[in-house]
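Visitor: From the sequence below, what's the structure:
(2 chains)
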Amino acid sequence: MTPQEKVKVIKSFAQEIISEEELLKLFEEKEHPVAYDGFEPSGIAPIHFGLLRAINVKKLLETGIHLKLYLADYFAYINNKMDADIKKIQRVGEYFIEVWKASGVETNKIEIIWASDIMDSLEYWDRVLTVARHLSLNRTFKSLTIAGRSQKDILSTAQLFYPSMQVADIFEMDIDICQLGMDQRRANMIAREIADKLNWKKPIAVHHHMLLGLKGIKQMEDAEQTLIASKMSKSDPTSSIYMHDTKKEIENKIRTAFCPPNQTQGNPVFEYAKYIIFPSLGNLKIYRAKEHGGYIEYQTANELKKAYEMGNLHPNDLKMGVSESLEMLIKPVREYFEKDKKARNLYEEVIGYNITR
RNA sequence: CCAGGGGUAGCCAAGUGGUUUAAGGCCGCAGUCUGUAAAACUGCCAUUCGUUGGUUCGAAUCCAACCCCCUGGACCA
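Guide: Modelled structure (predicted):
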């Protein structure tokens, strides 16, 4: 694969790359650049975790990238996830690794790093404080939405540490590419600024699209608030399809999902097809009733988009096709958790925990 | 530590001794209408008011202690 081809692979799933030139240069200079993807372990895995990320990870690995999967256990602790019980959080982290395995992520080809491990050194905290010294309190407050918090929430002092820690992590792990969701761009931008200031290695930011929740777009005061309110969130069961949902549950959720006719913008059902089904299955098959046009199959998201916007595909038929395709993708994961004893025990333990926002 | 203010459903919020078996709004759920959803309309959604004890025939409402949050101050600089 040429560097140009590698950039193309990244572009296939990234909503934004900062910057593309830097990425190309990186691929030209380095055979195995280091990228990271991280998350707070809490709750139950939804499809944007199990399916969407699995797709992205597969693509990253194709380009020869060395992927570090960062389990931000203490970050979850800061945000009071899982009753702020670090033991529980870590068990949830182990459960999430099982979800990735079940989703076909070759966990032996990625490096798993726990926040609690890299935090266990003076060097780390030196780094955090260095970042903090170069980060105004205002910027810290502004970037706190990276933790998914709105201004209404009461912040604790612990949460003020969050941005500095997140930024420090990037340098501690010697990251070339920060591969995170659009909701994390603030921290990545701070990292790039700090890198310039301190002459540290400047990471490239690759942000993937945030999958819409089932209810579609919820308008908030500003674009960023809207993004956060509208995304599929594992802590909001009414917005999410989970990797453990039964066929019936998937059908019900898709059936009641927001899905305006002739409109693909802000349409979650279309998004699931575009971002999950086409990349995973290569096509979308819809077994329509005869009177509605009969069987139809789309090869690309663009083809589907055109047909839907022109009214050649009824929303209900789109839902049917998406629902069946999702079932195909989720089924093996569900079954993995039924058959594999370790995974099943972890899952049962995790659903036993009190899930907090 | 001191002085005020406050803690009512997932969220916002009214209610200050008996027509309150806790108003209203948001969210959510169910139904009607659409070949989906949304919108609209209809219905449902806190046996309980931070905790514990007390006063009273009767308490979310009064009293006491305790816990937590907010504002200001004191202390420290």
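Visitor: Tell me the buried residues in the top helix by length along chain A?
Guide: As far as residue count goes, and with DSSP state H defining each element, the longest helix of chain A is helix A:315-339. Of the residues in helix A:315-339, those buried by neighbour count under the rule 16 or more other C-beta atoms under 10 Å are A:315, A:317-327, A:329-330, A:333-334, A:336-337. Glycine gets a C-beta too; all of them are placed from N, C-alpha and C.
Visitor: residues in contact with stretch A:71-89?
Guide: Contacts made with stretch A:71-89 from outside it, assessed by C-beta atoms under 8 Å, 6 or more residues apart in numbering, are listed as A:38-43, A:90, A:92-93, A:96-97, A:112-116, A:119, A:147-149, A:156, A:158-159, A:161-162, A:165-166, A:353-356.
Visitor: Only whichever of the residues you listed are buried, select them in ChimeraX.
Guide: Per 16+ other C-beta under 10 Å, the buried members of the contacts of stretch A:71-89 correspond to this ChimeraX selection:
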select /A:38,39,40,41,42,43,90,92,93,96,97,113,114,115,116,119,147,148,149,159,161,162,165,166,353,355
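Visitor: now the helices: where do they sit in the stretch 101-250 of chain A?
Guide: Counting by DSSP state H, counting those that start in this stretch, the stretch 101-250 of chain A has helices at residues A:115-118, A:122-133, A:137-142, A:157-172, A:185-198, A:223-230, A:247-255.
Visitor: nearest to RNA strand B, of these?
Guide: Across the helices of the stretch 101-250 of chain A, RNA strand B has its closest neighbour in helix A:247-255 (4.9 Å, C-beta to the nearest atom of the strand).
Visitor: In the stretch 251-357 of chain A, where is pLDDT below threshold?
Guide: Low-confidence regions of the stretch 251-357 of chain A, defined here as pLDDT under 70, cover residues A:354-357.
Visitor: in it, which spans are strands?
Guide: Secondary structure of the stretch 251-357 of chain A, counting by DSSP state E, counting those that start in this stretch: strands at A:284-286, A:296-298.
Visitor: would you turn the ones you listed into CSV with distance to A:F49 and mean neighbour count?
Guide: Output for the strands of the stretch 251-357 of chain A, formatted as CSV (distance: least, C-beta to C-beta, whole Å; neighbours: other C-beta atoms under 10 Å):
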stretch, distance to A:F49, mean neighbour count
strand A:284-286, 22, 20
strand A:296-298, 25, 17
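Visitor: Which among these is found nearest to RNA strand B?
Guide: With C-beta to the nearest atom of the strand as the measure, strand A:284-286 is the member of the strands of the stretch 251-357 of chain A nearest RNA strand B (9.5 Å).
Visitor: Wasn't A:L67 part of a helix?
Guide: No: according to DSSP: H, G, I helix; E, B strand; the rest coil, A:L67 belongs to no helix; its state is strand.
Visitor: what's the distance between the helix-or-strand element of chain A with minimal mean pLDDT and the middle of its chain?
Guide: In chain A, no helix or strand scores lower on mean pLDDT, DSSP states H and E than helix A:223-230, which sits at a mean of 75. Centroid separation between helix A:223-230 and its chain, computed with C-alpha atoms, centre = their mean, to the nearest Å, is 15 Å.
Visitor: what do you get for stretch A:58-75?
Guide: Averaging C-alpha coordinates over stretch A:58-75 and over its chain gives two centres that are 11 Å apart (C-alpha atoms, centre = their mean).
Visitor: Next, the contact list for the closest residue to A:L129 other than its chain neighbours, please.
Guide: Beyond its immediate neighbours in the sequence, the residue positioned closest to A:L129 (C-beta to C-beta, 6 or more residues apart in numbering) is A:S164, lying 7.7 Å away. Remark: with contacts taken as C-beta under 8 Å, 6+ apart, A:S164 is in contact with A:V128, A:L129, A:V131, A:A132, A:L135, A:T140.
Visitor: And A:S164, how far from A:W125?
Guide: Between A:S164 and A:W125 the distance is 10 Å, computed by C-beta to C-beta, to the nearest Å.
Visitor: A:H48 now?
Guide: For A:H48, the distance to A:W125 under the criterion C-beta to C-beta works out to 32 Å.
Visitor: now A:V92
Guide: The span separating A:V92 from A:W125 equals 25 Å under the rule C-beta to C-beta.
Visitor: Which of A:H48 and A:W125 has more residues huddled nearby?
Guide: A count of neighbours by other C-beta atoms under 10 Å puts A:H48 above the other of A:H48 and A:W125, at 24 against 13.
Visitor: Show the contacting residues for the nearest residue to the more buried one once chain neighbours are set aside.
Guide: Closest residue to A:H48 apart from its sequence neighbours, by C-beta to C-beta, 6+ apart: A:L211 at 4.2 Å. Listed by C-beta under 8 Å, 6+ apart, the contact set of A:L211 reads A:I47, A:H48, A:L52, A:K231, A:M232, A:P268, A:E271, A:Y272, A:Y275, A:I276.
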